[in-house]
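**Q** this one's structure only:
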């Protein structure tokens with residue numbers, strides 16, 4: 001019996017149960033007592049499937065519950081086998097759980113370092129702060145004064161609605177452009193971040209960092225008189241405002257209306273308007289309007305769908321945190337926000353690493369073969385990775401869910 005092979009994805013399928021007293025593993029059909037009953041979902045002993053000397057892993061390492069590994073000592077049939085020892089298992093009841101089979105070194109389950117050696121990381125509170133503005137449900141940015149939370153960094157978590165939401169950026173957030181912007185335009189269009197402060201928020205795009213001069217509304221002047229009962233309003237430099245259908249129009253001396261269509265230096269409304277003098281100021285409002293104070297910037301060119309970065313004045317960090325997903329509970333001005341960092345915890349596991357799994361240029365970089373990998377979070381929340389090549393060999397077949405590098 002070889003001590004190892006080159007296949008980390010020996011055929012497996014179905015679910016199994018283990019009787020700790022007899023060390024007998026049986027296929028599981030969803031009924032029966034603590035050891036289950038033989039089912040039809042396993043193929044022990046068949047060509048290309050579990051063989052004596054292979055390693056059977058119970059549960060899914062890295063996802064859900066992982067019970068550990070054991071060496072297959074004998075096979076009685078396609079639905080029954082016996083393991084050599086339970087010393088590499090955590091001792092939890094194994095009934096109807098998924099399994100994988102591998103030709104990793106047979107001494108691994110007896111090595112206490114790699115025998116179900118895992119401890120979940122914990123999320124500990126590192127700081128609290130106060131929200132500077134309201135953030136609605138679904139918002140992925142939160143306004144908060146950064147100097148009040150100096151310890152918070154990328155990779156930490158904001159606690160919201162009992163969920164830990166990962167912080168992916170500190171001092172900036174992004175949005176996608178919803179209209180084309182050309183040099184000389186006065187307005188950009190995007191779902192504006194909640195922290196946006198007129199005169200203090202910078203838009204980073206190319207080498208240009210224009211400041212937001214206003215948000216939520218813009219003002220254009222009529223380029224000619226409008227007769228009572230008309231629906232079209234001509235605008236001076238109307239094409240520079242990036243107005244959109246649906247924007248609210250505040251009509252001087254009349255009721256608010258909305259843009260029906262946008263034409264060349266003019267807009268058509270859904271309803272008629274009273275008489276409007278030439279040169280009159282018309283206000284347009286929308287929660288996606290942002291006025292830019294340097295419209296002539298040569299490289300200020302934005303296409304629909306481009307990512308726009310919002311920062312503090314002159315590109316300094318803004319008082320904002322960007323999250324990996326939208327919040328589930330609204331945050332209001334003055335709310336206390338709690339921040340956590342994942343620390344402690346470790347994982348030790350033997351991976352079959354082939355050429356594509358080397359992860360060149362990262363902290364997971366290693367040689368090919370059977371590699372023992374220990375990962376843990378240090379006290380600063382940084383991931384640490386230790387690799388130990390147990391067997392250096394090429395040509396390992398991979399394919400089990402616990403691929404390298406780990407997620």
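**A** Good, I have the coordinates. Worth saying up front: this structure is predicted, and the values here are computed from it rather than measured.
**Q** make it CA atoms for all contacts and neighbour counts henceforth
**A** Will do.
**Q** in the stretch 101-250 of the chain, which ranges drop under the pLDDT threshold?
**A** Counting by pLDDT under 70, the stretch 101-250 of the chain contains low-confidence residues at 116-121, 205-207.
**Q** Which residue ranges of it form strands?
**A** In the stretch 101-250 of the chain, the strands defined using DSSP state E, counting those that start in this stretch lie at 118-119, 122-130, 141-143, 157-160, 163-170, 173-176, 187-189, 201-204, 212-221, 232-234, 248-250.
**Q** same thing with the stretch 301-407 of the chain?
**A** 307-312, 320-323, 336-353, 369-377, 383-392.
**Q** so which of the strands of the stretch 101-250 of the chain gets nearest residue 94?
**A** Across the strands of the stretch 101-250 of the chain, residue 94 has its closest neighbour in strand 118-119 (17.4 Å, C-alpha to C-alpha).
**Q** separation between the closest residue to residue 60 other than its chain neighbours and residue 284?
**A** Nearest residue to residue 60, sequence neighbours excluded (C-alpha to C-alpha, 6 or more residues apart in numbering): residue 66, at 5.1 Å. From residue 66 over to residue 284 the distance is 59 Å, taken as C-alpha to C-alpha, to the nearest Å.
**Q** How about residue 7?
**A** Residue 7 is 66 Å from residue 284, by C-alpha to C-alpha.
**Q** wait, what's in contact with the spatially most central residue of the chain?
**A** Geometric centre of the chain, nearest residue: residue 324, 4.8 Å, by C-alpha atoms, centre = their mean. Listed by C-alpha atoms under 8 Å, 6 or more residues apart in numbering, the contact set of residue 324 reads 140, 165-168.
**Q** how much space between residue 218 and residue 235?
**A** 13 Å.
**Q** quick one: which of those two has more around it?
**A** Neighbours of residue 218 and residue 235, each counted by other C-alpha atoms under 10 Å, are more numerous for residue 235; the result is 23 against 19.
**Q** Between residue 7 and residue 284, tell me which one has more neighbours.
**A** Shown here are residue 7 and residue 284; by other C-alpha under 10 Å, residue 284 has more neighbours (23 against 19).
**Q** Can you list the helices and strands that the strand or helix carrying the more buried one packs against?
**A** Using DSSP states H and E, residue 284 falls within strand 281-292. Contact analysis of strand 281-292 by 3 or more C-alpha pairs under 8 Å, 6 or more residues apart in numbering; DSSP states H and E lists strand 187-189, strand 212-221, strand 248-250 as its packing neighbours.
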